[in-house]
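Trainee: I'd like to go over a predicted model; first the sequence, then the structure.
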Amino acid sequence: MDKAKRKAIIAGNWKMNKTPSEAKALLNEIVPLVADADCEVIACVPYVDLAAAIEATAGTNVKIGAENCHWAASGAFTGEISTGMLKEIGVEYVVLGHSERRQYFGETDETVNKRTKAALAGGLKPIVCVGELLWERECNITEEVIARQIKLDLWDVTEEELKNVVIAYEPVWAIGTGKTATADQAEEVCAFIRDQLAKLYNQEAADAVTIQYGGSMNDANADELLSKTNVDGGLIGGASLVAEKFAAIVKAASK
Ligand code: 13P
């Protein structure tokens, strides 16, 4: 397998942080620090920050993503945002199935799949998040959980569409806890995800998919995590809110 064939992607997931003016200020700091990155750089920001973020990154190598989207084109879905709305303002990526959406907002593999299909049909690139709970890891069913999520979340996604899908492996026990998966643990599951993709599609299609690790990834551990064969990038929470830390992770991915 040739890691060089895949695009390394470092994406910030800002979660529910930063107002539009704060978003603009943070991106103004980030943009010059990552200008010579040899990887894709994305900031996924709250809906109300998107317009300011797109303006602040216009003409730069930083792409902007949303943190969710609905599957319907329009209609009576109070509080939701469609892919068309995101696309029209210049959004390119969208985080889907984040464990916080699954834990706190009732997302299921079925709704993640609907959102993924809609994002692809609407011309957005989904970053589909999968990952096991601590309890599931302790019960030794990590692979079962991940296999199920991959199969269901990508149900009916074609091989052609898969080219625009990014997978993020985020063990739930490592998110916001300061408890990072070891590089070997991350590699083991990312390799397993690629095997599942090879089974569902074929090896060539699987080898081309960017698989990120997420969960307390920071400037101190990025080098080691990213050195692993199947870890092609990172989905960064806390450290993406500090320009220097985020830029250091981008630098680690650019080697
Ligand atoms: P932290 O980097 O804060 O652990 O968050 C990871 C994450 O959930 C990214 O989506």
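Mentor: Done, it's in.

Trainee: ok, residue 108 touching residue 102?
Mentor: Yes - Residue 108 is in contact with residue 102 according to C-beta atoms under 8 Å; the separation is 7.4 Å. Glycine gets a C-beta too; all of them are placed from N, C-alpha and C.

Trainee: Neighbour count for those two, which is higher?
Mentor: residue 102 (20 against 13; other C-beta atoms under 10 Å).

Trainee: List the backbone torsions phi and psi for residue 40.
Mentor: phi -80, psi 140 (degrees, to the nearest 10).

Trainee: Local confidence estimate at it?
Mentor: In this model, residue 40 is scored at 98, pLDDT.

Trainee: who touches the nearest residue to it once chain neighbours are set aside in this structure?
Mentor: Distances taken as C-beta to C-beta, 6 or more residues apart in numbering place residue 9 nearest to residue 40, at 4.4 Å, with adjacent residues excluded. By C-beta atoms under 8 Å, 6 or more residues apart in numbering, the residues touching residue 9 are 39, 40, 42, 166, 210, 212, 232, 233, 253.

Trainee: Quickly list what residue 9 is bridged to.
Mentor: When assigned by DSSP bridges, residue 9 has beta-bridge partners residue 40, residue 233.

Trainee: Please tell me the pLDDT value assigned to it.
Mentor: 98.

Trainee: Roughly how far does it sit from residue 231?
Mentor: Residue 9 is 11 Å from residue 231, where distance means C-beta to C-beta, to the nearest Å.

Trainee: what residues are shared contacts of these two?
Mentor: residue 212.

Trainee: Am I right that residue 132 falls within a helix?
Mentor: No - according to DSSP: H, G, I helix; E, B strand; the rest coil, residue 132 belongs to no helix; its state is coil.

Trainee: Now it: phi and psi?
Mentor: The phi/psi pair for residue 132 (degrees, to the nearest 10) is phi -100, psi 150.

Trainee: list the contacts for it?
Mentor: 141, 142, 145, 146, 171, 172, 173.

Trainee: ok, which stretches of the stretch 101-250 of the chain are strands?
Mentor: 125-130, 166-169, 211-214, 233-236 (DSSP state E, counting those that start in this stretch).

Trainee: Distance check, the residue of the stretch 151-255 of the chain at minimum distance from the ligand against residue 66.
Mentor: In the stretch 151-255 of the chain, no residue comes nearer to the ligand than residue 237, which is 2.2 Å away by C-beta to the nearest ligand atom. Counting by C-beta to C-beta, the gap from residue 237 to residue 66 is 16 Å.

Trainee: Neighbour count for the two, which is higher?
Mentor: Between residue 237 and residue 66, residue 66 has the larger neighbour count (other C-beta under 10 Å), namely 25 against 22.

Trainee: Not counting its neighbours along the chain, what's nearest that one?
Mentor: residue 94 (4.7 Å).

Trainee: From the contact counts, what lies against the helix or strand harbouring that neighbour?
Mentor: For residue 94, the host element (DSSP states H and E) is strand 93-96. Packing contacts for strand 93-96, counted by 3 or more C-beta pairs under 8 Å, 6 or more residues apart in numbering; DSSP states H and E, involve strand 9-13, strand 40-44, strand 62-66, helix 109-121, strand 125-130.

Trainee: Rebuild those as CSV, extending it with distance to residue 53.
Mentor: Below are those laid out as CSV (distance: least, C-beta to C-beta, whole Å):
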stretch, distance to residue 53
strand 9-13, 10
strand 40-44, 6
strand 62-66, 5
helix 109-121, 18
strand 125-130, 16
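
Trainee: quick one on the thing from earlier: which residues does the strand holding residue 94 contact?
Mentor: Contacts of strand 93-96 (C-beta under 8 Å, 6+ apart): 11, 13, 42, 44, 63-69, 83, 86, 112, 115-116, 119, 124-129, 153, 166, 168, 235.

Trainee: the longest helix in this structure is where?
Mentor: Identified as the longest helix of the chain according to DSSP state H is helix 183-200.
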